[in-house]
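Colleague: After the sequence you'll find the predicted model.
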Amino acid sequence: MRSRLSLLVVVLLALAVPAAAIAAEKVYVESGIYPAPPKVRPHEFLLSGDGTLAIYGVRYQSYGGAVAEATGRGYVRGCTPDCAQGKVYRPQAKIRLSKITRCEGKQLYTKLEYTFQGTLPKGYLRHQVFDLRPIGENGKPLC
């Protein structure tokens, strides 16, 4: 009788692990300021309308919990003599995603923070926070 009970416990535990894994919901994130379908673990973030600020080569140390942490490279174009001809800088970046919000049926990270390490052109912030909530046609956040 004892071996049957042990077997039953083992079988129930084996069934519970896949159920827990299936129950875990994916967390998405907008990969920039332009409307696009949200992604899981995007490898780049486009953060300016004129193409002068982005983060690429993103590699995650953690993802899916309350906070996601990653590293990558910044793409920062200086605007001297103008933004089209300015020098490109590629500082190392530390990225933090947080503030999970349910929006349009999905869980989304809606806050992106980055910190750049290295040389930057004049006028660029070393640390910045972005609101990545999707924007509706009226220009207001959907969630």
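Modeller: Looks like it came in fine.
Colleague: Which residues are in contact with the nearest residue to Gly118 once chain neighbours are set aside?
Modeller: Spatial nearest neighbour of Gly118, excluding adjacent residues (C-beta to C-beta, 6 or more residues apart in numbering): Pro91 at 3.4 Å. C-betas here are computed from N, CA, C, even on glycine. Shown in contact with Pro91 (C-beta atoms under 8 Å, 6 or more residues apart in numbering): Arg73, Gly74, Val76, Phe116, Gln117, Gly118, Thr119, Leu120.
Colleague: Also Tyr114?
Modeller: Contacts of Tyr114 by C-beta under 8 Å, 6+ apart are Ile55, Gly74, Ala93, Lys94, Ile95, Arg96, His127, Gln128.
Colleague: of all the residues you listed, which two lie farthest apart?
Modeller: Within the contacts of Tyr114, Gly74 and Arg96 form the most distant pair, 14.4 Å apart (C-beta to C-beta).
Colleague: These two: which is more packed in?
Modeller: Neighbours were counted for Gly74 and for Arg96 using other C-beta atoms under 10 Å; Gly74 has more, 26 against 16.
Colleague: Any stretches of this protein with poor pLDDT?
Modeller: Within the chain, the segments meeting pLDDT under 70 span 1-24, 35.
Colleague: quick one, strands of it?
Modeller: Under the criterion DSSP state E, strands of the chain are mapped to 27-29, 44-46, 53-62, 68-77, 88-89, 92-103, 106-117, 127-131.
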